[in-house]
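# when you get a sec, could you give me coordinates for this:
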Amino acid sequence: MNDLISAIATPSGVGGVAIIRMSGAGALELVRNMFSRKGEFTPNMLYPGTIDAGDFSDYGMCVYFRAPHSFTGEDVVELHCHGGTEIARGVLKRTLELGARLAERGEFTKRAFLNGKLSLSAAEGLGEMIAAGSQAQVRAGFTLYQETLTKRGKQLQGELSECLAQIDADLDYPEEDLTSVSRPEIAARLEQVKASLMALLAQHSAGRKIRSGVRVALVGEPNAGKSSLLNALLGYDRAIVSDIPGTTRDLNEGTISLHGVNFLLADTAGLRESADVIEQEGVRRARQAILAADVIVWLKGGDTPDFPEGTPVITVGAKSDLTRQEGCDVLLSSLTGEGLDDLRELLYEKGFGRENDGAYLLSERHYRALSDALAAVEDALAAMHLLPELYAEDIRRAWEALGVISGETANEAVINEIFAKFCVGK
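Reported below is the predicted structural model:
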């Protein structure tokens, strides 16, 4: 896979600059046929000149990255032209006429992976950054891009390799009966690996919240102030506010960002018995939102419902109502907005948790691989009383499962699926 590929690397549309990127054998030779500079190209230097697109010309810049010191590990050349759509398309068309082929989705990053410039999980981290809908996702994606998870996986693979080496030594010298000595050592090492895997898997919930947002249900009786609270948290009027109980029939939703994490707020219908069919449906949807919530904001009033066990509940009272202040986590003033900042901090702490800052288990693929590794380690521990050959096989399964994270043992279909999610030009 060293044939010459080309693609527009910048978003489509009108802009200041567009970049056409090429990678593969002959990249620099091709550019010499359409860029005015005739001298040598020092790697990593930007050169001004005229780009000849065949049907037109444009003033631009050219930069050359020599293999293996480039993103893909191959010779890479970029042409920087003015950002008009037709200009970029014309320059790309000229590179294809001169012998390059159009790159597939994610092919530049895929070549970087295949050439050992980054691991599969690092490539996924780059994809997370590009597709990020929050600052937290950018941070978590960059943590992946830095090879953090791959390095941790390789550390655990090293521990498992030590176990396998010890088992091999025991089998090679059966006359010395080393098994009785090494078995407890191997079990202790496997227990450490198990604890590390469980700690990584515990980040899965935080990773899901980083990608999809923290789900918050604003719950209370009719006319408790849920819609007013939604508007106050959003900073604009999203929901209709009325003194008439039961105004909210459907879910009113909005998103806020707290410390870079998105929180998806759902203003629900007031919880009460009603003969109104439409209001009944609103209450049903409210209960669904409660079941799906990561955190519930209960506007105190009347009897507290039976909320799902394990879901954090923030009880909110009104400063103007002395009868609704006892047992509240935060008091709000509808006149001054006092208490909103306290509520935001509580939402972050109970809905996400400061201990999750820096969590990087974003991918279901990583979760499955770690889960498979954990299951194999547990199988090995359960088989420690059996022949070493048997629990050695479980340890090898754990090693291979961890290799899926870096791409070391991932199959081609998985690899292709990951890079197909990228855009053309990345």
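
# next, Glu326: secondary structure please.
coil (DSSP: H, G, I helix; E, B strand; the rest coil).

# identify the residue nearest it in space, chain neighbours excluded?
The spatially closest residue to Glu326, leaving aside those adjacent along the chain, is Gly317, at 7.9 Å (Cβ to Cβ, 6 or more residues apart in numbering). In this view, the C-beta of every residue, glycine as well, is placed from N, C-alpha and C.

# neighbours around Leu218, how many?
For Leu218, the neighbour count with other Cβ atoms under 10 Å is 29.

# show me what the residue nearest to Glu326 is bridged to.
Beta-bridge partners recorded for Gly317 (DSSP bridges): Leu331.

# looks like it contacts Cys328 (just checking).
Yes. Counting by Cβ atoms under 8 Å, Gly317 touches Cys328, with 3.5 Å between them.

# the two - which one has more neighbours?
For Gly317 and Cys328, the more surrounded residue by other Cβ under 10 Å is Gly317, and the numbers stand at 22 against 18.

# which strand or helix spans Ile314?
strand 313-318 (DSSP states H and E).

# hang on, the earlier thing: any common contacting residues for Gly317 and Cys328?
Jointly contacting Gly317 and Cys328 under the rule Cβ atoms under 8 Å, 6 or more residues apart in numbering are Lys300.

# low-confidence regions, the chain specifically.
Under the criterion pLDDT under 70, the flagged ranges of the chain are 1, 172-181, 237-251, 270-282, 284, 302, 319-325, 334, 355-360.

# quick one: the strands in it?
Assigned by DSSP state E, the strands in the chain fall at 5-8, 15-23, 46-52, 57-65, 76-83, 101-102, 214-220, 252-258, 261-267, 295-299, 313-318, 330-332.

# which non-adjacent residue is nearest Val313?
Spatial nearest neighbour of Val313, chain neighbours left out: Ile296 (4.7 Å); criterion: Cβ to Cβ, 6+ apart.

# number of residues surrounding that neighbour?
Counted with other Cβ under 10 Å, Ile296 comes out at 23.

# so it sits right up against Val219, yeah?
Yes. Counting by Cβ under 8 Å, Val219 is a contact partner of Ile296 at 5.7 Å.

# what do those two both touch?
With Cβ under 8 Å, 6+ apart as the test, Ile296 and Val219 both reach Ile290.

# can you give me the end-to-end span of stretch 167-182?
8 Å (Cα to Cα, to the nearest Å).

# again but with stretch 70-86, I slipped
Stretch 70-86 has an end-to-end distance of 28 Å (Cα to Cα).

# before we move on, back to that, taking strand 214-220 as reference, get the angle to the strand holding Ile314.
In terms of direction (axes from the mean of the first three to the mean of the last three Cα atoms, to 10 degrees), strand 313-318 departs from strand 214-220 by 50 degrees.

# got the angle for strand 313-318 vs strand 295-299?
30 degrees.

# give me the number of residues near the nearest residue to Phe422 once chain neighbours are set aside?
Spatial nearest neighbour of Phe422, excluding adjacent residues (Cβ to Cβ, 6+ apart): Gly106 at 3.0 Å. Applying other Cβ under 10 Å, we find 23 residues neighbouring Gly106.

# right, and Gly106 touches Glu417 too?
No. Using Cβ under 8 Å, Gly106 makes no contact with Glu417, being 10.2 Å away.

# if I look at the residue nearest to Phe71 when sequence neighbours are not counted, how far off is Gly60?
Ranked by Cβ to Cβ, 6+ apart and with sequence neighbours excluded, the top spatial neighbour of Phe71 is Ala112, at 5.6 Å. Relative to Gly60, Ala112 is positioned 25 Å away (Cβ to Cβ, to the nearest Å).

# check which residues of stretch 194-202 are buried.
By neighbour count on 16 or more other Cβ atoms under 10 Å, the buried set for stretch 194-202 is 194, 196-197, 200-201.

# also stretch 104-118?
Buried positions in stretch 104-118, judged by neighbour count with 16+ other Cβ under 10 Å: 105-113, 115, 117-118.

# need those residues in CSV (columns: distance to Lys151).
Output for those, formatted as CSV (distance: Cβ to Cβ, whole Å):
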residue, distance to Lys151
Arg105, 28
Gly106, 23
Glu107, 26
Phe108, 24
Thr109, 19
Lys110, 21
Arg111, 22
Ala112, 17
Phe113, 16
Asn115, 19
Lys117, 16
Leu118, 12
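
# among these, which one lies nearest to Glu364?
Gly106 (18.4 Å; Cβ to Cβ).

# the strands of the chain into a markdown table, with extra columns for distance to Ala410?
Listed next are the strands of the chain as a markdown table, based on distance: least, Cβ to Cβ, whole Å:
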| stretch | distance to Ala410 |
| --- | --- |
| strand 5-8 | 22 |
| strand 15-23 | 22 |
| strand 46-52 | 37 |
| strand 57-65 | 27 |
| strand 76-83 | 25 |
| strand 101-102 | 26 |
| strand 214-220 | 31 |
| strand 252-258 | 34 |
| strand 261-267 | 30 |
| strand 295-299 | 36 |
| strand 313-318 | 41 |
| strand 330-332 | 47 |
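
# alright, calling it a day.
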